[in-house]
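> mind looking at a prediction? Sequence and model below.
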Amino acid sequence: MRDFFVNSLEKLVGVIVVLLMIGVVVGALIATLNPQPGSPGPVLGLLILVAGGIYVILVGGFLYMGIGIYQNTKRTAEAVERMAPK
């Protein structure tokens, strides 16, 4: 049952990362194509792309790192149990 939830979380993290990337690209396009008066549209769009890309990389990396820590801990516990004398 636990594996079901961990695997589901991993799939959900993938979906969240893709949605974040889509949101960053759409936000950058909106800022570029529909600039506010007095603001540099293309520069603002590029800034949103760069900052949003860094944000998506950090969030996705931390989420996947948490899942990886769980999986490594699980493998280590199984290896220690196999090594223990019976």
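Structure received. Treat the numbers as computed from the prediction; the structure is a model and nothing was measured.
> name the residues of the helix or strand containing residue 11 that are buried.
Secondary structure assignment for residue 11, by DSSP states H and E: helix 2-33. For helix 2-33, the neighbour count (16 or more other Cβ atoms under 10 Å) marks 13, 17, 20, 24, 28, 31, 32 as buried. For the C-beta atoms, the positions are set from N, CA and C on the backbone; glycine is no exception.
> among those, which pair sits farthest apart?
Comparing all pairs in the buried residues of helix 2-33 by Cβ to Cβ, the longest separation belongs to 13 and 32, at 28.8 Å.
> pick out the residue nearest the middle of the protein.
The residue lying closest to the centre of the chain (Cα atoms, centre = their mean) is residue 60, at 1.7 Å.
> let's verify it: helix, strand, or coil?
Secondary structure, DSSP: H, G, I helix; E, B strand; the rest coil: residue 60 is helix.
> contacts only, for it.
Residue 60 is in contact with 13, 16, 17, 20, counting by Cβ atoms under 8 Å, 6 or more residues apart in numbering.
> how many residues are close by residue 70?
For residue 70, the count of nearby residues is 14 (other Cβ atoms under 10 Å).
> and the helix or strand hosting it, how far out from the chain middle?
Per DSSP H and E, residue 70 falls inside helix 41-83. Here helix 41-83 is found 6 Å from its chain centre; the criterion is Cα atoms, centre = their mean, to the nearest Å.
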